[in-house]
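Chemist: below are the sequence and a predicted model; questions follow.
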Amino acid sequence: RPPAHRPARPQVFAKMGVSTLQSYKGAQVFECVGLGQEVIDLCLRGTASRIGGLSLTDVGRDAIRQHSSGFFPRDLNCISLELLENPGEYHYRANTNSEAHINHPQAIAELQNASRTNNKGTYNTFSKHHREAIESCTLRGQLEFAFDKATPISLDEVEPASEIVKRFRTGAMS
């Protein structure tokens, strides 16, 4: 239900196809990654999050930092040659302060070389670098599974399919 000051209007999401918001409500196909419970409760009520993350204060500080980097104080009598920071979030930057990327240019070059020359040694080098990148850039790369200590659960403890499908929405299944 929209706030009183804003009229209701259809909303569209682009994920696994195009569907209306209603198709996703209650389907539980989303999970918050990197947002704290305070933010979720205020902005994304009911959304699952297993790892937590940023608070509203953190989000505010980051917004102010980014804004101030684009609108830093300037002396209007001179031309400033200051450059905006590029942390490499969207494009690879060879800088120690830049965001890490899974598809590191050196690894891609190794993959291309291995493909062109059918060189197993070069492919193994690519594979090693790629695994290291996944370990440093993704949540799944941080996980270590202790399969030897695992104990299976009884099927009686698993939610029945008849209950799971009640949450399905056709748009969320496209």
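Modeler: It's in. Numbering: from 1, shown residues only.

Chemist: where along the protein do the strands fall?
Modeler: 12-14, 18-20, 34-35, 53-54 (DSSP state E).

Chemist: for Gly52, what are its contacts?
Modeler: Shown in contact with Gly52 (CB atoms under 8 Å, 6 or more residues apart in numbering): Leu35, Gly36, Gln37. Any C-beta I mention is one placed from the backbone N, CA and C, and that applies to glycine too.

Chemist: so how many other residues sit close to the first one?
Modeler: Other residues within reach of Leu35 by the criterion other CB atoms under 10 Å amount to 20.

Chemist: pLDDT value on it, please?
Modeler: Predicted confidence (pLDDT) for Leu35: 91.

Chemist: what pairs with it across the strands?
Modeler: Leu54 (DSSP bridges).

Chemist: what's near enough to touch it?
Modeler: Counting by CB under 8 Å, 6+ apart, Leu35 touches Leu44, Ser49, Gly52, Gly53, Leu54.

Chemist: put the buried members of those residues into a ChimeraX selection.
Modeler: Per 16 or more other CB atoms under 10 Å, the buried members of those correspond to this ChimeraX selection:
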select :49
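
Chemist: out of the contacts of Leu35, who's nearest Glu110?
Modeler: Of all these, Glu110 sits closest to Gly53, with 33.3 Å by CB to CB.

Chemist: Glu99: how many residues sit nearby?
Modeler: With other CB under 10 Å as criterion, Glu99 counts 14.

Chemist: just the helices in the chain please.
Modeler: Here the chain has its helices, by DSSP state H, at 21-24, 37-43, 56-70, 105-117, 120-137, 161-164.

Chemist: nearest to Glu99 among the ones you listed would be which one?
Modeler: Comparing the helices of the chain against Glu99 with CB to CB, the closest turns out to be helix 120-137 (8.8 Å).

Chemist: quick check: mean pLDDT of the closest one?
Modeler: Per-residue scores along helix 120-137 average to 91.

Chemist: what's in contact with it?
Modeler: Outside helix 120-137, the residues that reach it (CB under 8 Å, 6+ apart) are 100-104, 106-107, 110-111, 113-114, 140-142.
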